[in-house]
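K.L.:
build me a model from this:
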Amino acid sequence: MSPLRQAGLGALDEDQLDLVCATASMRTGALLDELRPSDDRDHLEGLAATLPELFATIDPSVLERLSHRLGGDGEADSFSEILLLSDKHLHLIQPLSRRPGVALLAVCSATCSIGLALSAVRARALVLEGD
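P.N.:
Modelled structure (predicted):
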């Protein structure tokens, strides 16, 4: 049974979304999950490789200030995902709050519903974090 079905979200099966997920180290940029060779694996490896640079350059206070300006409560936790859109792909980065230094990465077609992809990634994150 897929982790999404275990989380009670069977209608959001990753296969239906053509969503490929893996965890990665935010410090080293290495994938932590075994994936079979595919074009999506290449996309995930490329996305993972950006993590050390991306997260080493972000000052946490910038996220707090941005959240406050956008009407949030000013805590960096109010931002949970980073979405990168291209003409062909949607890339999602979801840092795992209960696994410091680890992020869940996902790649799907740019034609996929962003809302469905976010729901699937959030459900997968809950399963990985044991909620």
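
K.L.:
report all helices and strands that the longest helix along the chain contacts.
P.N.:
The helix that spans the most residues within the chain, counting by DSSP state H, is helix 39-57. Packing contacts for helix 39-57, counted by 3 or more Cβ pairs under 8 Å, 6 or more residues apart in numbering; DSSP states H and E, involve strand 20-25, strand 89-95, strand 102-109. All C-beta spots, glycine's among them, are computed from the backbone N, C-alpha and C.

K.L.:
now do the buried residues in the next helix or strand after the last one.
P.N.:
In other words, strand 102-109. As assigned by DSSP states H and E, the chain's next helix or strand after strand 102-109 is helix 114-128. Neighbour counts using 16 or more other Cβ atoms under 10 Å place 117-128 of helix 114-128 among the buried residues.

K.L.:
by contact count, what packs against helix 114-128?
P.N.:
helix 3-6, helix 14-17, strand 20-25, strand 89-95, strand 102-109.

K.L.:
most tightly surrounded among the ones you listed?
P.N.:
With neighbours taken as mean count of other Cβ atoms under 10 Å, the helices and strands packed on helix 114-128 reach their highest mean count in strand 102-109, at a mean of 23.

K.L.:
and the buried residues of helix 114-128, which is closest to Leu84?
P.N.:
Ala117 (12.0 Å; Cβ to Cβ).

K.L.:
any idea how far the closest residue to that closest one other than its chain neighbours is from Glu81?
P.N.:
Nearest residue to Ala117 in three dimensions, chain neighbours excluded: Cys108, at 5.4 Å (Cβ to Cβ, 6 or more residues apart in numbering). Separation of Cys108 from Glu81 (Cβ to Cβ, to the nearest Å): 13 Å.
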